[in-house]
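Q: I would like to see how this sequence folds:
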Amino acid sequence: MVFDLAGKSVFIAGHNGMVGGAVLRLLKQRGDVRLITASRRQLDLRDEHAVGAFFTNHRPDACVLAAARVGGIIANSANKVGFLYDNLRLQNAVIGAARASDTERLLFLGSSCIYPKLADQPIREDSLLTGPLEPTNDAYAIAKIAGLKLCEFLNREEGRAYISAQPCNLYGPGDNYHPTTSHVIPGLIRRFHEAKHSRASETFIWGTGTPLREFLYVDDLAKALVFLLENYKDPGLINVGSGEEISIGDLAGLVAEAVGYEGVLKLDPSKPDGTPRKLMDSSKIRSYGWRSRTSLQEGLRHAYADYLSVIEA
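A: I've put the predicted structure just below:
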């Protein structure tokens, strides 16, 4: 083990988000880590001076940078300035503060959207910056590339164990179910749930249904991130995926089954598809012994239960 978290303090930036929340749950279950968190009201992570003071005060041994401004295709396309600017400010503030306070370990959460739109499949880590990005989320991707490169350069030039993990599409407890800013799985869950309760005979799926996507249950990702914090310190980025892909059309059928919606699913090709295929090559992390454990069917059942808890709260 490179770095044992037992007895260490860990700042989870973005602990109220889906990924940060999953990491928080996992480390609470371990019971041997001193957890540091701050709500958005307590600490604006875009405020460089406030973040610097926070790190100086708490001196975390490790940091999981899971905070980000995120959204689906429509949100990313409509507000590129906000997605680029806010994420750059947030990343620079947290990584810079960790550096200034000599935080020993930092894990920066990237995204599979950093890779070229037409990258060879499955997508290897060395595909980064080899072609044009998907234009519907290029602003977010550019911010993430800047963050992971900053971690890489700090690792190479200053010997800091600041690493970057690139997950595939995520879903699970704590997801965003907003009708216009959600990603595909939470968006389908909400749409099919509402269709079921309105007894709609049919409902629509955005796009052609043909794009292929890979999905990872967020609690599996949390285990991967903690594993990497303790066992990985190389400067190069590392992919984290389930290794399985499914078409959006077939995914919709599984989500409808999990929700219990029995109406007809129709395609709406007027809506954008995004990247035609996106499967990560996660052989690197698997070589360290990590594997995802939650099947898509099981994860969707958990995700729908989470959605019900949100709307019933």
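Q: Run through the protein and note the low-pLDDT ranges.
A: The model of the chain has pLDDT under 70 over residues 1.
Q: in it, which spans are strands?
A: 9-13, 34-36, 62-65, 105-109, 161-167, 169-171, 202-206, 212-217, 238-240, 245-247, 264-268, 277-278 (DSSP state E).
Q: I'd like to know which of these is closest to Tyr304.
A: strand 169-171 (10.4 Å; CB to CB). For every residue, glycine as well, the C-beta is placed using N, CA and C.
Q: And the helices in the stretch 151-300 of the chain?
A: 184-197, 218-231, 248-259, 283-286, 296-312 (DSSP state H, counting those that start in this stretch).
Q: Can you lay out these as a markdown table showing distance to Lys28 and mean neighbour count?
A: Listed next are the helices of the stretch 151-300 of the chain as a markdown table, based on distance: least, CB to CB, whole Å; neighbours: other CB atoms under 10 Å:
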| stretch | distance to Lys28 | mean neighbour count |
| --- | --- | --- |
| helix 184-197 | 24 | 22 |
| helix 218-231 | 11 | 22 |
| helix 248-259 | 27 | 20 |
| helix 283-286 | 24 | 17 |
| helix 296-312 | 17 | 16 |
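Q: Export those helices as TSV, with columns for distance to Asp120.
A: Shown next, in TSV, are these (distance: least, CB to CB, whole Å):
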stretch	distance to Asp120
helix 184-197	23
helix 218-231	23
helix 248-259	21
helix 283-286	14
helix 296-312	24
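Q: Could I get the contacting residues of Thr37?
A: Shown in contact with Thr37 (CB atoms under 8 Å, 6 or more residues apart in numbering): 11-12, 15, 24.
Q: 10 Å - rerun?
A: The contact partners of Thr37, by CB atoms under 10 Å, 6 or more residues apart in numbering, come to 10-16, 20, 24, 43.
Q: One more: Leu229?
A: For Leu229, counting by CB under 10 Å, 6+ apart, the contacting residues are 2-5, 8, 10, 23, 27, 62-64, 105-107, 161, 163, 165.
Q: Repeat the analysis, applying 7 Å as the threshold.
A: Leu229 makes contact with 3, 5, 62, 105, 107 under the criterion CB atoms under 7 Å, 6 or more residues apart in numbering.
Q: Including neighbour count and distance to Glu125, could the residues you listed go into CSV?
A: Putting the contacts of Leu229 into CSV (neighbours: other CB atoms under 10 Å; distance: CB to CB, whole Å) gives the following:
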residue, neighbour count, distance to Glu125
Phe3, 16, 21
Leu5, 19, 24
Ala62, 23, 22
Arg105, 24, 20
Leu107, 24, 15
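Q: Please name whichever of the helices of the stretch 151-300 of the chain is nearest to Asp273.
A: Of all these, helix 248-259 comes closest under CB to CB, at 7.8 Å.
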